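Undergrad: Starting from these lines, generate the structure:
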Amino acid sequence: MSTKGTNSFKKEIQDLVNKYDLEFKQISKLLNIPLDKLNNMLNHKVGITDHEEEKIENKLAMLNHGFSSGIEAKERVQIILDNLIDQFELSISNISKIINVEEKELLNFKENKPVPKEIELNIAVNTIMLNFVLNQT
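TA: Predicted coordinates for the structure are as follows:
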């Protein structure tokens with residue numbers, strides 16, 4: 001069990017509360033931690049596993065900094081696409097068939113070559129949805 005992250009968690013959580021006008025109940029849901037456990041964790045009354053700490057750190061970092069970090073939306077989808085290829089050993093051909101786009105269009109998107117906006121939107125939405133479906137627990 002770890003308690004090392006709770007001080008930094010307090011600051012990061014307070015930043016979320018202030019930045020987005022969130023309540024602790026909402027923070028609890030965003031972090032997927034029961035409200036009583038979140039309160040106890042922040043008051044050093046209960047420890048968390050290293051795995052829980054890592055998940056919380058990743059979520060807090062994304063929520064506080066990830067969407068304004070200078071990475072463009074298209075680049076985020078390209079990162080998700082690369083992760084799908086690595087994590088599930090899928091090819092561009094496999095993914096293009098699953099998300100219903102031409103392989104050449106997906107390859108162009110991945111390589112940051114011009115793609116019509118409608119196709120780019122289709123690739124982005126369907127890639128994000130595929131990632132969501134494959135990573136559900």
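Undergrad: Quick check: end-to-end length of stretch 105-115?
TA: Chord length of stretch 105-115, first to last residue, is 7 Å (Cα to Cα, to the nearest Å).
Undergrad: How far off centre is that stretch?
TA: What separates the centre of stretch 105-115 from the centre of its chain is 22 Å, taken as Cα atoms, centre = their mean, to the nearest Å.
Undergrad: list the buried ones in it?
TA: Residues 105-106, 108-110, 115 are the ones in stretch 105-115 that count as buried (16 or more other Cβ atoms under 10 Å). All C-beta spots, glycine's among them, are computed from the backbone N, C-alpha and C.
Undergrad: Residue 52 versus the residue of the chain most remote from its centre, what's the distance?
TA: Within the chain, residue 45 marks the point farthest from the mean C-alpha position, 28.4 Å out by Cα atoms, centre = their mean. As defined by Cβ to Cβ, to the nearest Å, residue 45 lies at a distance of 15 Å from residue 52.
Undergrad: again, but for residue 71
TA: For residue 71, the distance to residue 52 equals 26 Å [Cβ to Cβ].
Undergrad: Who has more neighbours out of those two?
TA: Applying other Cβ atoms under 10 Å to residue 71 and residue 52 shows that residue 52 carries more neighbours, namely 18 against 12.
Undergrad: check which helix or strand covers the more buried one.
TA: Remark: residue 52 resides in helix 50-65, with elements defined by DSSP states H and E.
Undergrad: what are the ranges of the strands in the chain?
TA: According to DSSP state E, the chain carries no segments that qualify as strands.
Undergrad: what's the spacing between the nearest residue to residue 37 once chain neighbours are set aside and residue 35?
TA: The shortest distance from residue 37 to any residue that is not its chain neighbour, by Cβ to Cβ, 6 or more residues apart in numbering, is 6.3 Å, and that residue is residue 46. From residue 46 over to residue 35 the distance is 13 Å, taken as Cβ to Cβ.
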